[in-house]
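> Structure here, sequence nowhere to be found:
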């Protein structure tokens, strides 16, 4: 089987994670090029992870003969690169958030569809073993979801500025917002609050606490909260699903406890499993080979962004937003 020739556009921290995942799937793909903003740092990245270093995307597209490009540069720096990659006939994996504005996200999706390439959004939680185990179980309809994301970190300089990152709702809680859609479908309303309470560092203007309620006209509810004021160095995420036949408590994409509503004494415990970063790349490789949509198409990034933007609007305007 011919290995996919992979290029990486963006050589920061998440770029390292993707480069490692490509290496772990060496029988299916190889990193042949990487493109960053600074040549010295990009060459250092290439020395560690492989591929030819570039600082010009168009040159990489013209010379590297890519099959797949993984886009990881921050959302505020995205200015038509996804569209250019798609126009070159190269398949795509785009890190979340797809964009900071809905119009930009929709334009990306339209360009990809017009080019006829296969493109996925980096919602790797959906590729987790525990998430897939729930999907494959006879749970009945989910009536409620609760979720939380907690940390306390200054992050990269751009993360601290809402104009560049979109804030914690768009940059981190977005994963759980996407799981709301995945497990429960499109909500009808959202009501949210957010504030910056404790972080007063220069240049830090994003929220450090937030909470939201998604509602469905049939009575179902999902509640999410996030903060950046918890214990320094600890990243904590969890969510729970309450369905007609089963309750699931997740402490990560691969780790969960499932209990049947009629048999609480016999839980199903899931732990460990494959890296979801590898799983999403393997799914994308299969989708390219089989000419089918990936498990999480790029359009899902635009749909989830719409909910996150609406939640942020609700928080800022102090009112419930109608989504349907």
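Thanks, I have the structure now. Everything quoted here is computed from the prediction, not taken from an experiment.
> For residue 182, grab the count of nearby residues.
18 (other C-beta atoms under 10 Å). From N, CA and C alone the C-beta is placed, and that goes for glycine too.
> and it, what does it touch?
Counting by C-beta atoms under 8 Å, 6 or more residues apart in numbering, residue 182 makes contact with 126, 131.
> Can you give me the distance of it to residue 112?
21 Å (C-beta to C-beta, to the nearest Å).
> and residue 273, how many neighbours?
For residue 273, using other C-beta under 10 Å, the count is 17.
> Need the phi and psi values for it.
Main-chain torsions, residue 273, degrees, to the nearest 10: phi 110, psi -180.
> In this structure it contacts residue 132, no?
No: using C-beta atoms under 8 Å, residue 273 and residue 132 do not qualify as a contacting pair, with a distance of 9.3 Å.
> From start to finish, how long is stretch 81-100 in a straight line?
Stretch 81-100 has its terminal residues 15 Å apart, counting by C-alpha to C-alpha, to the nearest Å.
> Give the buried residues for that stretch.
Residues of stretch 81-100 classed as buried: 81-86, 88, 90-100 (neighbour count, 16 or more other C-beta atoms under 10 Å).
> pLDDT score for residue 75?
With respect to pLDDT, residue 75 has a value of 92.
> Sort out which of the buried residues of stretch 81-100 are in helices and list them.
Judged by DSSP state H, helices contain the following of the buried residues of stretch 81-100: 81, 82, 83, 84, 85, 86.
> between those residues, which is nearest residue 69?
residue 85 (4.9 Å; C-beta to C-beta).
> For residue 31, see how far away the most centrally placed residue in the chain is.
With distances taken as C-alpha atoms, centre = their mean, residue 123 lies nearest the centre of the chain, 3.2 Å away. Distance, residue 123 to residue 31, using C-beta to C-beta: 22 Å.
> Can you show me the helices along the stretch 51-200 of the chain?
Ranges of helices within the stretch 51-200 of the chain are 57-63, 81-87, 102-115, 129-135, 162-165, 167-171, 174-184, based on DSSP state H, counting those that start in this stretch.
> Format the ones in helices among the buried residues of stretch 81-100 as a markdown table; extra columns: distance to residue 160 and pLDDT.
Below are those laid out as a markdown table (distance: C-beta to C-beta, whole Å; pLDDT from 0 to 100):
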| residue | distance to residue 160 | pLDDT |
| --- | --- | --- |
| 81 | 23 | 97 |
| 82 | 25 | 97 |
| 83 | 28 | 97 |
| 84 | 29 | 97 |
| 85 | 28 | 98 |
| 86 | 31 | 98 |
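> Surely residue 199 touches residue 207?
No: with contacts counted by C-beta under 8 Å, residue 199 stays clear of residue 207, the gap being 9.2 Å.
> show me where pLDDT drops low in the stretch 1-150 of the chain?
1 (pLDDT under 70).
> rewinding a little: comparing the helices of the stretch 51-200 of the chain, which comes out most buried?
helix 167-171 (a mean of 25; mean count of other C-beta atoms under 10 Å).
> Of the ones in helices among the buried residues of stretch 81-100, which is the nearest to residue 217?
Using C-beta to C-beta, these come closest to residue 217 at residue 82, 34.7 Å.
> and the closest one, what does it touch?
71, 92, 94, 108, 111, 112, 119.
> Run a quick neighbour tally on residue 290.
Considering only other C-beta under 10 Å, residue 290 is surrounded by 9 other residues.
> Could you identify the longest helix within this structure?
helix 298-317.
> okay, how far is it across stretch 285-297, tip to tip?
13 Å.
> Next: stretch 212-221.
OK, stretch 212-221 end separation, C-alpha to C-alpha: 10 Å.
> What residues sit buried inside that stretch?
Buried-residue list, stretch 212-221, by 16+ other C-beta under 10 Å: 212, 213, 214, 215, 216, 220.
> Go through those and name the one nearest residue 9.
Nearest to residue 9 out of the buried residues of stretch 212-221 is residue 212 (C-beta to C-beta; 31.7 Å).
> Pretty sure the closest one sits in a strand.
Yes: Residue 212: assigned to a strand according to DSSP: H, G, I helix; E, B strand; the rest coil.
> any idea how far it lies from residue 204?
22 Å.
> Same question for residue 51.
From residue 51 to residue 204 the distance is 35 Å (C-beta to C-beta).
> okay, those two: which has more neighbours?
Counted by other C-beta under 10 Å, residue 51 and residue 204 do not tie: residue 51 has more neighbours, with 24 against 17.
> I figured the more buried one hits residue 29, correct?
No: in this structure residue 51 lies outside contact range of residue 29 using C-beta under 8 Å: 11.6 Å.
> Need the contact partners of stretch 199-218.
By C-beta under 8 Å, 6+ apart, stretch 199-218 touches 154, 157, 159-162, 165, 167-169, 173, 180, 184-185, 187-198, 221-229, 307, 311, 314-315, 324.
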